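Visitor: Sequence and predicted structure, then a few things I'm wondering about:
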Amino acid sequence: MDALRYHYTNSFKYRKSLQNIFSDVLGLHFIDYLSIADLTATTVTIYSSEPALEANLVESGLIKHDRIYTNKHPDNLLLIWDNYYHEKTDEIRQIKTLSNKFQFGFSIFHTDNQLYSFATKNNMENAVQYYSDRLDDLYVIGKHCYKQLKDRKILEQPETAKILSFKHKEQKQYV
Amino acid sequence: MRPELLREAFAARLNTALKSKNQRSNRAQNGVCAKALAEIAGCSYQMARKYTTGLAMPEYATTLAIANWLEVSPGWLAFGDQPGDVNLNIAEDTILAPLDLLREIIFQAIACSHNVTNLNDFTDFVMTVLQDVYKMKADKKTILKMTELAIKSYHYESTQVKIKQSV
């Protein structure tokens, strides 16, 4: 079986459009981060309100250990990020939550192979219960944003950058 | 300036750079891991922790080695941007961006600024892009490419808005 290929560059290519789309919903239910992943059997294309998050996950090669990006989830359930890290748990948690000061992150799967991901910086006592109670609303938010991506013809656009590989290279990094 | 303030300012800069290099620790009170720092500085773990907590400052030769490892300017690490200016909140509201990245962002912004009708909105957006790419841990070429793509996205959105308004 071929390895999944992950695309994050559209989050930069359509940064302004995504900023406008997501600004309508960020803040609702203390949501500070939202991304939409378009899933196929071989590719995962991510549109994010925090493009650096997915860029770092892909560039580090750690995304292959994050099992949240699959279309094998049940529909409309709260998928808590921490439960889907397969190995390299601390490193993935560092990139996805700690470095962005998120307190809690989760995703919701839609049967049309869409994954809506949310995170909050709010340090609430029972985040699981809070967001479980608002699952339907979050599902609608995800669907709304997906529709906006379609309406603005962002989903149909091909990736600009070449496919990014898993292989982690020794790279000079900006500090 | 009092020596303890100098040490605290040094520790704040050191911790910022350590965090940027992912030398973090959930257990340490200041959130940074001093293990690798001790190796680079050629000192004990306890002494490295003193550097990160503002209880001690290394010799300049050691500071130079640490700065090279952290890929920051030795002058900045030792003295800060403006000697005498202690800013302990540097991680919260300051970006220490490399000059070539800043140059690229300014270049792209100027190149894309023609036909921009709302300069305030455009400037805020360029700042957003700067913050985005600053958070990226990737090779320089990728970061510069993403910078270019992101700034150009302003025009795509403007065009989409115009099309929508004309329909």
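Guide: Received the coordinates, thanks. Residues are numbered from 1 along each chain as shown, chains lettered A, B, ... in the order given.

Visitor: so is B:L64 in a helix, a strand, or just coil?
Guide: helix (DSSP: H, G, I helix; E, B strand; the rest coil).

Visitor: Over to A:T45?
Guide: strand.

Visitor: burial measure for it, as a count.
Guide: 19 (other C-beta atoms under 10 Å in any protein chain shown). The C-beta positions use only the backbone N, C-alpha and C, and glycine is treated the same way.

Visitor: can you pull the contacts of it?
Guide: Neighbour list for A:T45: A:7, A:10, A:37-38, A:159 [criterion: C-beta atoms under 8 Å, 6 or more residues apart in numbering or on different chains].

Visitor: let's go with 7 Å and repeat that
Guide: A:7, A:10, A:37-38 (C-beta atoms under 7 Å, 6 or more residues apart in numbering or on different chains).

Visitor: tally of neighbours for the residue nearest to A:Y85 when sequence neighbours are not counted?
Guide: Of all residues not flanking A:Y85 in the chain, A:I92 sits nearest, at 4.9 Å (C-beta to C-beta, 6 or more residues apart in numbering or on different chains). Residues near A:I92, counting by other C-beta under 10 Å, number 22.

Visitor: Then the one 10 residues further on?
Guide: The tally of other residues near A:F102 (other C-beta under 10 Å) stands at 20.

Visitor: so what are the domain limits for chain B?
Guide: Per the record, chain B has its domains at B:3-91, B:99-166, by automatic domain parsing.

Visitor: right, and those domains - which one's nearest chain A?
Guide: With C-beta to the nearest C-beta as the measure, domain B:99-166 is the member of these nearest chain A (3.6 Å).

Visitor: Whether the closest one contacts chain A - can you check?
Guide: Yes: Domain B:99-166 lies within reach of chain A by C-beta under 7 Å from any C-beta of the partner chain, at B:101, B:125, B:128-129, B:132, B:135-140, B:142-143, B:145-146, B:149-150, B:153-154, B:156-157, B:160.

Visitor: Show me what the helix or strand containing A:G105 is packed against.
Guide: Taking DSSP states H and E as the criterion, A:G105 maps to strand A:104-110. Packing partners of strand A:104-110 (3 or more C-beta pairs under 7 Å, 6 or more residues apart in numbering or on different chains; DSSP states H and E): strand A:79-80, strand A:114-120, helix A:135-151.

Visitor: mind running it again at 8 Å?
Guide: strand A:79-80, strand A:114-120, helix A:127-133, helix A:135-151 (3 or more C-beta pairs under 8 Å, 6 or more residues apart in numbering or on different chains; DSSP states H and E).

Visitor: Kindly indicate whether the spatially most central residue of chain B is helix, strand or coil.
Guide: Central residue of chain B (C-alpha atoms, centre = their mean): B:L96, 3.5 Å from the mean position. Here B:L96 is coil, with the state taken from three-state DSSP.

Visitor: Might one say that it is in contact with B:E71?
Guide: No: B:L96 is beyond contact range of B:E71, at 10.7 Å (criterion: C-beta atoms under 8 Å).

Visitor: quick revisit: give me the element the residue nearest to A:Y85 is part of.
Guide: A:I92 belongs to helix A:89-96, assigned by DSSP H and E.

Visitor: Tell me which helix or strand in chain B has the weakest average pLDDT.
Guide: helix B:90-93 (a mean of 54; mean pLDDT, DSSP states H and E).

Visitor: Skip ahead from that helix and say which helix or strand is next.
Guide: helix B:99-112.

Visitor: Give me the contacts around that next one.
Guide: A:174, B:122, B:126, B:129-130, B:133-134, B:140, B:143-144, B:147-148, B:151-152, B:154-155.

Visitor: so B:M136 makes contact with B:T147?
Guide: No: B:M136 is beyond contact range of B:T147, at 9.2 Å (criterion: C-beta under 8 Å).

Visitor: so what strands line up beside the strand holding A:G105?
Guide: Partners of strand A:104-110 in the sheet, by DSSP bridges, are strand A:79-80 (antiparallel), strand A:114-120 (antiparallel).

Visitor: Just say which of these is most tucked in.
Guide: Most buried of the strands paired with strand A:104-110 by mean neighbour count (mean count of other C-beta atoms under 10 Å in any protein chain shown) is strand A:114-120; its value is a mean of 23.

Visitor: tell me which of the contacts of A:T45 is nearest to chain B?
Guide: The closest of these, once distances to chain B are taken by C-beta to the nearest C-beta, is A:N10, at 8.9 Å.

Visitor: Would you check how far apart the closest one and B:K152 are?
Guide: Distance of A:N10 to B:K152, computed by C-beta to C-beta, to the nearest Å: 13 Å.

Visitor: The two: who's more crowded?
Guide: A:N10 (26 against 18).

Visitor: Next up, phi/psi of that one, please.
Guide: phi -60, psi -20 (degrees, to the nearest 10).

Visitor: my read: B:F122 touches B:S113, true?
Guide: Yes: under the criterion of C-beta under 8 Å, B:F122 makes contact with B:S113 at 6.5 Å.

Visitor: and those two? which has more neighbours close in?
Guide: B:F122 (18 against 14).

Visitor: check which helix or strand covers the more buried one.
Guide: Applying DSSP H and E, one finds B:F122 within helix B:119-135.

Visitor: SS state for the residue positioned nearest the centre of chain A?
Guide: In chain A, the centroid-proximal residue (C-alpha atoms, centre = their mean) is A:S35; its distance is 4.2 Å. Classification of A:S35 using three-state DSSP returns strand.
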